[in-house]
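In: Give the three-dimensional model of this entry:
(2 chains)
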Amino acid sequence: MAGSHLAEYLVEHVGEAKIFGTVRPGGSTGNLSRISDRVHLVECDVCSVSSVEEMLTGCQPDRIFHLAGQSSVPVSFRQPHETLKTNINGLVNLLEVLRRQRPECRVLVPGTSEEYGAQDGVLDEGAALLPLSPYALSKAIQDLVAFQYARSYKLHIVRTRAFNHTGPRRPTAYAEADFAAQIARVECGAQDTVRVGNLEAVRDFSDVRDVVRGYWMALEQGQAGEVYNLCSGVGRSIREVLEGLLARSAATPRVVFDPERLRPSDPPRIVGNGSKFRELTGWKPEIPFEQTLADILKEQRDLARARSQNQESDPS
Amino acid sequence: MNVLITGMTGFVGSHMAEFCLDQGVKVFGTVRWRSQMENVVGIQDRVHLVECDLTDAASVQRMIAQVQPDRVFHLAAQSFVPTSWHAPQETLNTNIISQLNLFEALRETSTRIQLAGSSEEYGLVLPDEVPIREENPLRPLSPYGVSKVAQDMLGYQYHQSYGMHIIRTRAFNHTGPRRGHVFVESNFARQVAMIEKGTQEPVVRVGNLEARRDYTDVRDIVRAYWMSLEGCVPGEVYNICQGNCWRIKDVLDFLLSCSRVKVTVETDPARLRPSDVQVLQGSAERFHAATGWVPEIPLEKTFEDLLDYWRARV
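Out: Reported below is the predicted structural model:
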């Protein structure tokens, strides 16, 4: 999701940039449909050193945004091995090759607020890292690897910790997109309930389009080795997100609690203090959360409509 | 009681095994098919060796089913900082994935697990942060340090997610007999022993002599590890250290004062690391409060024993 939005941002705002993007063999490129003629796709498996070497030789990048990774919390509980290996090995490979081949290249290593885990108060960058899921752990390790490579090899690596960000193209593995998809199916008459997990968790949401602008600014203006929170500073419960989506629909589905959706451990509240990055760059979220929710719901409605049309036209 | 020691053939593992045998428990240790056995020759017939590759999940599951441990001291690791510069991927994988396999195999049990973290996790320490407490930010400066933070956080996460009885410890430098000669104080002791034997010219080659390290005798450390599973709070983290520092130069001078040989000291640039931690001094207050542990072996005796260990071997 974030990768395609970043590519769109660069196409629209950084005219001189030649944009390369890695895709896995057989990977989907549907998210890039709007800009497919403006980006160069390079097949690369970031977990393979030789593949990373070949990719870097081909692209000769001046800036790298390392967004590839296994980024779902629930998947990480089911596949901790895969999550840790993919996320750690991918970054170490990239930095090992870069420090030899292109040490002047700038690298953004995007972390997440999940690294902070369960702590009281509004979190600034000095808060401890207490990850509560294998995904959060893998991102905290990336964060430390990035710090260590920046210090040890004087590489221009900037770390960010983006709090929850969402918007169009958000996969339904994430609560807000999943709720929107369920509401859209209710509107089509395909189901009559919305199934939910923990609605009490509080998160700090921004729009993904604001966050990718933050990524670009972080790499242009951020200090090498430093880390910056990207957040709105506003806490919203998952229940408020659900209610915000339901308020945009005429449907009145029953909300059903599904214990299968609970995680073995889940931070109750993660809200950030973004003043360090705001003071450096002036960045702040510009897209209101209501707009973000409306865009997510519209997308899921379009998808649901397309699905039901397919079914109608399917003779079987 | 069944006690499992991963990495038993290593330096700390072998001392841990000796301590556990003295407690009268049944001791199991993991070995790889090509493990060097010299550290455990004296106890080999009193412990149970189990072949296991900790990076292989199936191998770990079989081993745990066989041993059924009540206590685990997880000491196996790629633990040498300079190797971690050459092989960062391997260091991270070995140290993280081995522990993940162990946790996954033990998730449904009530086994108590001790994690041997390291003061290298603190890495970059600011002058006003000494002595280092457990809340200090972790700013590791080597791939080894990163891998130990990762193990530490993995221990926290598995305790939080599954309620496992995991005790995280961060031991500062520890040394004594059987310490590998790749580590600075053991390397110096070995060079002195070789010079005494006449197998090395009277020149001691050194790296950064100004670094300060908070040394404890390894025999005090393994006693602390044992106590950690008795008195510490699961999920919590504890520093284990003496609480005062030796300058590496003072370690060298002490070793030289134990010997009659006259030597010159030469700096070898190859021994300087890309980024080295200058001062590592800890506070073990939290651990002392939980267990009552205090170190008992004076460092002078530790360094003498280390020198005698090498004198018997070079």
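In: Quote the end-to-end distance of stretch B:110-125.
Out: This stretch, stretch B:110-125, spans 36 Å end to end (CA to CA, to the nearest Å).
In: next one: stretch B:5-14
Out: Stretch B:5-14 has its terminal residues 9 Å apart, counting by CA to CA.
In: That one - what's its average pLDDT?
Out: The pLDDT scores in stretch B:5-14 average 96.
In: Show me what from chain A comes close to chain B.
Out: Near chain B, the residues belonging to chain A are A:77, A:80-81, A:84-85, A:88-89, A:92-93, A:96, A:117-118, A:126, A:128-134, A:136-137, A:140-141, A:144-145, A:147-148, A:151-153, A:263-265 when assessed by CB under 8 Å from any CB of the partner chain. Quick note: C-beta positions are derived from backbone N, CA and C, even for glycine.
In: Would you mind checking those for buried ones?
Out: Buried members of those, scored by 16 or more other CB atoms under 10 Å in any protein chain shown, are A:77, A:80, A:84-85, A:88-89, A:92-93, A:96, A:117, A:129-134, A:136-137, A:140-141, A:144-145, A:147-148, A:151-153, A:263, A:265.
In: Just those: which are in strands?
Out: Among these, none falls in strands (DSSP state E).
In: so where do the strands sit in chain A?
Out: Using DSSP E, strands in chain A cover A:19-23, A:39-43, A:63-65, A:106-112, A:157-162, A:165-166, A:193-196, A:202-203, A:206-207, A:227-230, A:236-237, A:254-257, A:269-270.
In: which residues touch the nearest residue to A:Asp124 once chain neighbours are set aside?
Out: Nearest in space to A:Asp124, with sequence neighbours left out and distances taken as CB to CB, 6 or more residues apart in numbering or on different chains, is A:Asn273 at 4.3 Å. Applying CB atoms under 8 Å, 6 or more residues apart in numbering or on different chains, we find A:Asn273 in contact with A:Val122, A:Leu123, A:Asp124, A:Asn229, A:Cys231, A:Gly233.
In: In this structure A:Pro110 contacts A:Ala162, no?
Out: Yes. Judged on CB atoms under 8 Å, A:Pro110 makes contact with A:Ala162 at a distance of 6.0 Å.
In: distance of the residue of the stretch 101-250 of chain B found nearest chain A from B:Ser98?
Out: Here the residue of the stretch 101-250 of chain B nearest chain A is B:Ser161; by CB to the nearest CB that distance is 3.9 Å. Per CB to CB, to the nearest Å, B:Ser161 is found 19 Å from B:Ser98.
In: of these two, who's got more company?
Out: Neighbours were counted for B:Ser161 and for B:Ser98 using other CB atoms under 10 Å in any protein chain shown; B:Ser98 has more, 25 against 19.
In: Can I take it that that one is in a strand?
Out: No. B:Ser98: not assigned to a strand; according to DSSP: H, G, I helix; E, B strand; the rest coil it is helix.
In: On the pLDDT front, check it for me.
Out: With respect to pLDDT, B:Ser98 has a value of 97.
In: Show the pLDDT at A:Cys59.
Out: As predicted, A:Cys59 sits at a pLDDT of 95.
In: tell me the contacts of it?
Out: So A:Cys59 contacts A:Phe20, A:His40, A:Val42 (CB under 8 Å, 6+ apart).
In: List only buried entries from those residues.
Out: Judged by 16+ other CB under 10 Å, buried ones among the contacts of A:Cys59: A:Phe20.
In: I'd like a version of the contacts of A:Cys59 in a markdown table, one that adds pLDDT as further columns.
Out: Formatted as a markdown table, the contacts of A:Cys59 follow (pLDDT from 0 to 100):
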| residue | pLDDT |
| --- | --- |
| A:Phe20 | 96 |
| A:His40 | 94 |
| A:Val42 | 93 |
